[in-house]
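could you look at this predicted model? Sequence included:
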Amino acid sequence: MSHKTFSQEMQEVKDEVLLLSSMVEQAVMGSAEALKNNDLEHARQILSRDVIINRKRFETEILIMVLMVTQQPIAHDLRMLAASLDICTELERMGDYAKGIATINLRSGGLSLPRIVRDIYSMAEKAVDMLHYAMTAFAIEDTQAAQTIIQEDDVIDEYYSKLYSQAVQSVLENPRNIERANYVIWVAHNLERLGDRVTNICERVVYIVTGERPELDDLPQEIKLSVGV
């Protein structure tokens, strides 16, 4: 019986993280599609599958921690494993956002705001595209691609502002829309936070390759000193 090499075990970690990401992508787009189509059964399926995403996260984290303990990696390999733990957490939280959108769909019984729902779907498409490219950057350790994706988060913020304005306008036009407007803002907020977590993943990619932490670059000097940066 042949034993896996350390290189093979490291690749297995990457493969499992990428599989988790694929599951999250499907959940987010599935929840947005169910909302767009007013498909409550699909929303229920998204909710039921969240436990599978959670299980995959913990299984992957155990794989990573066992490798860290048994192989005692250093330098790049240690950064890759530590960053992978962070990425697993980010991905599981994104799965929670998909669950949140599905929950809103079920509570509202369908938003019945077709134009706004189409924009929500477009926002979800953009966010998932960013996630997909971020995970590709992770897979091939492409810091340039990671930095580019970080800049694209502004597009997600613009979607959020647009949807917020549309929600407010729907209430001004008809005060009875207030509950549905709150749901719209909740969904948009979930997708906006998803974009923030994609940015976190990209920062981890930079950390893996360079050892630098770009998320700390803009901190005041006194805070940098307090955390040893």
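Done, it's in. Residues are numbered from 1 along each chain as shown.

could you look up the SS state of residue 73?
coil (DSSP: H, G, I helix; E, B strand; the rest coil).

could you find the closest non-adjacent residue to it?
residue 81 (6.2 Å; Cβ to Cβ, 6 or more residues apart in numbering). Any C-beta I mention is one placed from the backbone N, CA and C, and that applies to glycine too.

can you give me the mean pLDDT across the helix or strand where residue 28 lies?
Following DSSP states H and E, one finds residue 28 within helix 6-36. The predicted model assigns helix 6-36 a mean pLDDT of 97.

now that helix: buried residues?
Buried residues in helix 6-36, counted by 16 or more other Cβ atoms under 10 Å: 9-10, 13-14, 16-18, 20-21, 23-36.

rewinding a little: give me the distance between the residue nearest to residue 73 and residue 210.
16 Å (Cβ to Cβ, to the nearest Å).

more neighbours, these two?
A count of neighbours by other Cβ atoms under 10 Å puts residue 81 above the other of residue 81 and residue 210, at 20 against 12.

wait, what's in contact with the more buried one?
For residue 81, the contact set (Cβ atoms under 8 Å, 6 or more residues apart in numbering) comprises 10, 13, 64, 67-68, 73.

model confidence for residue 111, exactly?
pLDDT, residue 111: 84.

checking it next. Helix, strand or coil?
Assigned by three-state DSSP, the conformation of residue 111 is coil.

tell me who's in contact with it.
35, 38, 105, 117, 180, 183-184.

which residues of the chain score low on pLDDT?
For the chain, the stretches with pLDDT under 70 are 1-3, 214-229.
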